[in-house]
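Engineer: Here you go, sequence then predicted model.
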Amino acid sequence: MTKPPIGGNRTGRKLGQKVKKGKLKASSRRWIERHINDPYVQRAKLEGYRARAAFKLLEIDEKHQILKGARRIIDLGAAPGSWSQIAAKVTNSTDEDIRVAAIDFLEMAPLPGVNILQLDFLDPEAPRLLVEAVGGEPDLVISDMAAPTTGHQKTDHLRTMHLCEVAAYFAVEVLAEGGHFLAKTFQGGTERDLLNMLKQNFRQVIHVKPASSRAESVEMFLLAKGFKGRSGKDQPDEA
Ligand SMILES: C[S@@+](CC[C@H](N)C(=O)[O-])C[C@H]1O[C@@H](n2cnc3c(N)ncnc32)[C@H](O)[C@@H]1O
């Protein structure tokens, strides 16, 4: 079971630490304080994950079993790499037999068993390169992509929603039958047309918010389970 972090100082660091007032802007100081006092950040360090985001995926999996049996996984917006670490582990991916492809426009340190593309997912070449990089039909497409913030909340929101939508259409193009799709979205942000498209293509479509996703954040995850497959799609309509 994914235990909630117990906090405290197993990492040698106490919670409740303050950053000295100095040249930092108050908002930056608040961010640093929140980060160093976050029990999930401390637990990620302790368990060797590159980011606290690992616990979002593990918590969602605990409840909805999306990782079990996955043979190939594509990770969108993967840096610094904690979801890819989990993906490599569950697929037993190795450098000799790669089963995980990851993409991010930021540089990401190498991970054993993960084919990393440093590229914008919106690049027209990205879908083809990802499929080549994972070496076969994936059973799972996961996306934690969030557009870089501009400071204008509505713009940021729309850009992340766009990434979610493009990721969903990509998943429908590449997933193996029975596969699953998980993507970051925002509360109330998923467009009706996108939800309808997913409902047509998957057996179950739900929104989930793991405990490790900060309560004050509007972040949610869209989970589509049980891809129905593409068979019949290319068949001409019966007259
Ligand atoms: C929240 S982080 C992902 C954390 C990751 N799941 C982990 O466990 O380490 C979101 C990532 O999405 C990436 N991203 C946003 N837009 C992207 C795009 N268009 N193409 C590729 N990566 C993108 C960002 O660079 C960022 O690294």
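Structural biologist: Okay, I see it. Note that this is a predicted model, so its numbers are computed, not measured.

Engineer: How about the residues of this structure by the ligand?
Structural biologist: Proximity of the chain to the ligand (CB under 6 Å from any ligand atom) is limited to residues 50-51, 53-54, 77-83, 103-106, 120-122, 144-147, 163. C-beta coordinates here come from the backbone N, C-alpha and C atoms, glycine included.

Engineer: Can you tell me which of the residues you listed are buried?
Structural biologist: 50-51, 53-54, 77-83, 103-105, 121, 144-145, 163 (16 or more other CB atoms under 10 Å).

Engineer: Restricted to strands, list the residues of the chain next to the ligand.
Structural biologist: 103-104 (DSSP state E).

Engineer: Which of the residues of the chain next to the ligand fall within helices?
Structural biologist: For the residues of the chain next to the ligand, the ones inside helices are 54, 82-83, 163, with DSSP state H as the criterion.

Engineer: Name the SS class of the residue nearest to Pro127 when sequence neighbours are not counted, please.
Structural biologist: In space, not counting the residues next to it along the chain, Pro127 is nearest to Phe170; the distance is 5.5 Å by CB to CB, 6 or more residues apart in numbering. When classified by DSSP: H, G, I helix; E, B strand; the rest coil, Phe170 comes out as helix.

Engineer: picking up where we left off before, quick check: the two most widely separated of the ones in helices among the residues of the chain next to the ligand?
Structural biologist: By the measure CB to CB, these have their two most distant members at Ala54 and Leu163, which lie 20.3 Å apart.

Engineer: What ranges does this structure have for its helices?
Structural biologist: For the chain, the helices defined by DSSP H occupy 26-36, 39-47, 54-64, 82-90, 126-134, 153-174, 192-201.

Engineer: Packed most tightly, which of those helices would that be?
Structural biologist: Comparing the helices of the chain on average neighbours per residue, with mean count of other CB atoms under 10 Å, the densest one is helix 82-90 at a mean of 23.

Engineer: could you say what helices and strands it packs with?
Structural biologist: The elements that helix 82-90 packs onto, with contact taken as 3 or more CB pairs under 8 Å, 6 or more residues apart in numbering; DSSP states H and E, are helix 54-64, strand 73-76, strand 100-104, strand 114-118, strand 140-143.

Engineer: can you redo these as TSV with mean pLDDT?
Structural biologist: Listed next are the helices and strands packed on helix 82-90 as TSV, based on pLDDT from 0 to 100:
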stretch	mean pLDDT
helix 54-64	97
strand 73-76	98
strand 100-104	98
strand 114-118	98
strand 140-143	98
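
Engineer: mind giving me the domain split of this protein?
Structural biologist: What the record gives for the chain is the domain set 1-48, 53-227, from automatic domain parsing.

Engineer: Thank you, goodbye.
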